[in-house]
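Peer 1: Structure for this input, please:
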Amino acid sequence: MNGRKQHTILLTGVNGQVGFELERSLQGLGRVVAFDRSSLDLADLDQMRRVVREVKPAVIVNPAAHTAVDRAESESDVVMRLNAHAPEVLANEARRLGALLVHYSTDYVFDGKKEGAYVEDDAVNPQNVYGKSKLTGEQAITASGCAHLIFRTSWVYGARGKNFLQTMLRLGAERDELSVVADQFGAPTWSNTISTLTSNVLSEVLTGDMDWWGQDSGIYHLTASGSTSWYGFAEAIFERSKLRRKPVLKPVPAASYLSAATRPANSRLSNQKLFTTFGVMAPNWDEALDLCLKSSA
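Peer 2: Reported below is the predicted structural model:
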């Protein structure tokens with residue numbers, strides 16, 4: 001035995017896309033105590049405090065969130081409770097325990113008007129309720145003074161849950177033609193990529209010098225490498241899919257869709273800070289898509 005301590009990791013939202021993958025990728029890093037919404041409801045702030053104090057984790061990993069972007073416009077109180085107040089409670093409990101909080105945020109904290117890829121220090125200016133709630137959560141975590149890693153990601157998809165990949169495969173099997181937005185750009189990011197890079201970072205953290213927590217706490221961008229449009233993503237999905245009859249894709253501007261929430265035209269995020277600090281590099285988005293489709297075939 002080398003005397004290393006086994007760390008307890010509290011994981012929320014295990015029924016979600018990212019939480020499902022995290023429950024698997026975090027194995028081996030410590031004792032993972034995982035909760036779904038039925039056993040830990042982020043809307044119940046008192047329950048969260050009680051659970052964290054009972055588990056006494058060294059690390060809290062929080063992928064749980066309200067992610068229905070359009071619906072968020074009409075239920076801002078619920079969204080703020082889940083995406084801002086709940087992370088604030090977790091951050092305060094993490095500070096009290098001396099634990100690390102790992103939290104996930106979004107490209108939607110930006111307005112999408114920048115030409116190139118956003119870096120962590122770029123000015124934020126969310127254009128919808130969801131983005132505002134996630135930004136408020138980021139700010140609450142930072143203000144708490146706890147050790148934290150906030151990973152901003154984008155265009156999350158996977159083999160389960162509601163996401164663009166699953167929607168395209170479903171609609172592609174039903175329709176002869178699909179109109180897809182061609183003037184919004186970002187990096188489609190597989191939920192498994194997020195969980196794998198998270199576990200790689202935590203592996204380094206938990207087996208190394210814990211003093212880094214004060215120095216390297218902060219916000220990091222974590223997306224797949226490269227970028228495309230929603231139309232380009234759809235093209236790649238159908239090129240790789242096993243649908244017998246594939247739909248004709250029609251590129252359209254975002255303005256042609258009437259949606260409740262405004263979405264940024266540019267969602268590109270730079271991963272350079274993540275690589276410089278932790279040495280982890282995300283795969284290109286189309287390579288990850290290949291793996292996702294193969295793993296779910």
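Peer 1: mind showing which ranges of the stretch 1-150 of the chain have poor pLDDT?
Peer 2: Across the stretch 1-150 of the chain, residues meeting the criterion (pLDDT under 70) sit at 1-5.
Peer 1: now the strands for it?
Peer 2: Remark: strands assigned in the stretch 1-150 of the chain by DSSP state E, counting those that start in this stretch are 8-11, 31-34, 59-62, 100-106, 147-153.
Peer 1: just so I know, which of those lies nearest Arg240?
Peer 2: Each of the strands of the stretch 1-150 of the chain has some distance to Arg240 by C-beta to C-beta; the shortest is strand 147-153, at 21.7 Å. The C-beta positions use only the backbone N, C-alpha and C, and glycine is treated the same way.
Peer 1: Quick one: work out the angle between that closest one and strand 100-106.
Peer 2: Orientation of strand 147-153 against strand 100-106 (axes from the mean of the first three to the mean of the last three C-alpha atoms, to 10 degrees) gives an angle of 20 degrees.
Peer 1: Just the CA coordinates for strand 147-153, please, in PDB.
Peer 2: Extracted C-alpha coordinates of strand 147-153, given in PDB (Å, rounded to 0.1, in the frame of the first residue of the first chain):
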ATOM      1  CA  ALA A 147     -11.900  25.100  -5.000                       C
ATOM      2  CA  HIS A 148     -13.600  24.700  -8.400                       C
ATOM      3  CA  LEU A 149     -13.400  23.700 -12.000                       C
ATOM      4  CA  ILE A 150     -16.100  25.100 -14.200                       C
ATOM      5  CA  PHE A 151     -16.100  23.500 -17.600                       C
ATOM      6  CA  ARG A 152     -17.900  25.400 -20.300                       C
ATOM      7  CA  THR A 153     -19.000  23.100 -23.100                       C
END
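Peer 1: so what does it touch, helix or strand wise?
Peer 2: Contact here means 3 or more C-beta pairs under 8 Å, 6 or more residues apart in numbering; DSSP states H and E; on that basis strand 147-153 packs against helix 86-97, strand 100-106, helix 129-144, helix 191-207, strand 218-221.
Peer 1: ok, and what's touching stretch 87-105?
Peer 2: Defining contact as C-beta atoms under 8 Å, 6 or more residues apart in numbering, one finds that stretch 87-105 is touched by 18, 45, 48-49, 52-53, 56-63, 65, 134-135, 137-138, 140-141, 144-153, 194, 198, 202, 205, 213, 219.
Peer 1: got the helices and strands packed on strand 147-153 as TSV, with distance to Leu171 columns?
Peer 2: Below are the helices and strands packed on strand 147-153 laid out as TSV (distance: least, C-beta to C-beta, whole Å):
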stretch	distance to Leu171
helix 86-97	33
strand 100-106	24
helix 129-144	23
helix 191-207	20
strand 218-221	30
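Peer 1: of those, which approaches Gly279 most closely?
Peer 2: Minimum separation from Gly279 across the helices and strands packed on strand 147-153 (C-beta to C-beta) falls at helix 191-207, 7.7 Å.
Peer 1: May I see the strands of the stretch 1-150 of the chain arranged in JSON lines, with distance to Pro251 and mean neighbour count as well?
Peer 2: Listed next are these as JSON lines, based on distance: least, C-beta to C-beta, whole Å; neighbours: other C-beta atoms under 10 Å:
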{"stretch": "strand 8-11", "distance to Pro251": "39", "mean neighbour count": "23"}
{"stretch": "strand 31-34", "distance to Pro251": "41", "mean neighbour count": "17"}
{"stretch": "strand 59-62", "distance to Pro251": "37", "mean neighbour count": "26"}
{"stretch": "strand 100-106", "distance to Pro251": "25", "mean neighbour count": "25"}
{"stretch": "strand 147-153", "distance to Pro251": "25", "mean neighbour count": "23"}
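Peer 1: Spit out the contact partners of the spatially closest residue to Ala65 that is not a sequence neighbour.
Peer 2: Spatially, and ignoring its direct neighbours in sequence, Ala65 is nearest to Asn83 (5.4 Å; C-beta to C-beta, 6 or more residues apart in numbering). Contact analysis of Asn83 by C-beta under 8 Å, 6+ apart lists 65-66, 130, 133-134, 136-137.
Peer 1: Cheers, nothing more for now.
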